[in-house]
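[1] For reference, the sequence and a predicted model appear below.
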Amino acid sequence: MTAFSMKSWFSRRRRNEAPLTELAPTQWQDSRQIEPSWRGRTQTNLRWSIAGAVLGGLLSLIMFAPASWLAHGVASASNGHVLITDTRGSIWNGSGVLVLTGGLDSRDASLLPGRLRWSMHVQGMALALKASQDCCINGELQLQIRPGWGRFEVALISHADWLARWPAGLLAGLGTPWNTLQLGGSIRLTARDFKLEWVQGRWRQFGQLDLDLINLSSRISTLAPLGSYRFTLAAQSSDESKAGISTLTLITLDGALLLSGEGTMGAGKARFLGEASAAPGREAALNNLLNIIGRRQGARSVISIG
């Protein structure tokens, strides 16, 4: 090979081959571009894994939440006056013993006989709660709980003439003055299209609740029975300006002790003004009782709440 041809061959080889100094930086630069992309995908997958684990944990917690959670909710909502003790099962299917108390610092308590059993399931956009108790509930008590955006609704569904019935002596667990009166007889609860709705921080009632006190007696009176009475909680008006206010009414159905009164309840506060008196010829037998149940004004006793 001549010198001229060797020189031409080396010249063409140098033109066709890229220098190593040019190739190395390009490959290293490509690896730097791939690494952030790989790290981004890894972090995204990690976030989705954590979110899935948290969601799965929350669902498991809700599905297997113990019945004691429901008991805490009832105690809080009633300011400690209604308790569910000896709970078993879950919030979805459980049982417990109902207790009436005078509040958080009270030592008075009354246990309702038998166990309260409940079941709860999702029904459309609402929760359906069913409760039964052999001693006291007529068949099955049904509540429909419907949460919403900025509102909460609880509706009482019943097709029976009355919902529940308890011995009046249970009221002694609520403390004064019930623990002094030591009532006998029974209490019967009925409802008419009763519904509670929470909107903008206020409760609003629809329909009516009636509490019948039947054939009441008291240990501080020799006269028995004293009589039968009806206490009514009713929606006051459909007027928006009076939303959240309900009326309270007490009337005498029959008996020697005459009770009457009216009031309102709203924003968690109750105002009631009533009076008690004796039927003609029964004044002496009821004199001691009238001194206890209210503020005595002549022949009558004034009952004031709020």
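    Arrived safely, thanks for sending. Residues are numbered from 1 along each chain as shown.

[2] use CA for all of it now, contacts and neighbours both
    Will do.

[3] Quick one: low-confidence residue ranges for the stretch 151-300 of the chain.
    Flagging of the stretch 151-300 of the chain using pLDDT under 70 yields the residue ranges 237-244, 268.

[4] how about 90 then?
    151-154, 156-161, 170-182, 192-193, 195-206, 220, 222, 235-246, 265-270, 293-294 (pLDDT under 90).

[5] all helices of it, in order?
    If DSSP state H, counting those that start in this stretch is used as the criterion, the helices of the stretch 151-300 of the chain fall at 178-181, 283-293.

[6] can I get those helices in CSV with distance to residue 204 and mean neighbour count?
    Supplementary listing: the helices of the stretch 151-300 of the chain in CSV, determined by distance: least, Cα to Cα, whole Å; neighbours: other Cα atoms under 10 Å:
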stretch, distance to residue 204, mean neighbour count
helix 178-181, 29, 17
helix 283-293, 31, 16
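
[7] okay, the ones you listed in TSV with distance to residue 247 next?
    Compiled in TSV, the helices of the stretch 151-300 of the chain are given as follows (distance: least, Cα to Cα, whole Å):
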stretch	distance to residue 247
helix 178-181	23
helix 283-293	22
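
[8] For residue 216, find the nearest of the ones you listed.
    For these, the distance to residue 216 is smallest for helix 178-181, at 10.5 Å, taking Cα to Cα.

[9] can you give me how far that closest one is from the chain middle?
    Counting by Cα atoms, centre = their mean, to the nearest Å, helix 178-181 is centred 28 Å from the centre of its parent chain.

[10] Name the residues of stretch 171-179 that come out as buried.
    By neighbour count with 16 or more other Cα atoms under 10 Å, stretch 171-179 contains the buried residues 171-175, 178-179.

[11] what about that stretch, start to end distance?
    Taking Cα to Cα, to the nearest Å, the first and last residues of stretch 171-179 lie 7 Å apart.

[12] Contacts made by it with the rest, please.
    By Cα atoms under 8 Å, 6 or more residues apart in numbering, the residues outside stretch 171-179 that reach it are 81, 100-103, 106, 108-110, 180-183, 293.

[13] tell me which of the buried residues of stretch 171-179 is nearest to residue 189?
    Within the set of the buried residues of stretch 171-179, residue 171 lies nearest residue 189; the separation is 14.1 Å, counting by Cα to Cα.

[14] Rounded mean pLDDT for stretch 135-147, please.
    Stretch 135-147 shows a mean pLDDT of 89 in the predicted model.

[15] List the buried residues for that stretch?
    Taking 16+ other Cα under 10 Å as the criterion, stretch 135-147 shows 136-146 as buried.

[16] ok, those residues vs residue 65, which is closest?
    Relative to residue 65, the closest of the buried residues of stretch 135-147 is residue 145; by Cα to Cα it sits at 17.9 Å.

[17] check contacts around that closest one.
    If you count contacts by Cα under 8 Å, 6+ apart, then residue 145 has 126-129, 152-155 around it.

[18] Taking the residues you listed, please make a PyMOL selection of just the buried ones.
    Of the contacts of residue 145, the buried ones can be selected in PyMOL as follows, counting by 16+ other Cα under 10 Å:
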select buried, resi 127+128+129+152+153+154+155
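
[19] Including distance to residue 258, could the buried residues of stretch 171-179 go into TSV?
    Below are the buried residues of stretch 171-179 laid out as TSV (distance: Cα to Cα, whole Å):
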residue	distance to residue 258
171	20
172	21
173	25
174	23
175	23
178	18
179	21
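
[20] So which of the residues you listed is the closest to residue 276?
    Within the set of these, residue 178 lies nearest residue 276; the separation is 15.8 Å, counting by Cα to Cα.
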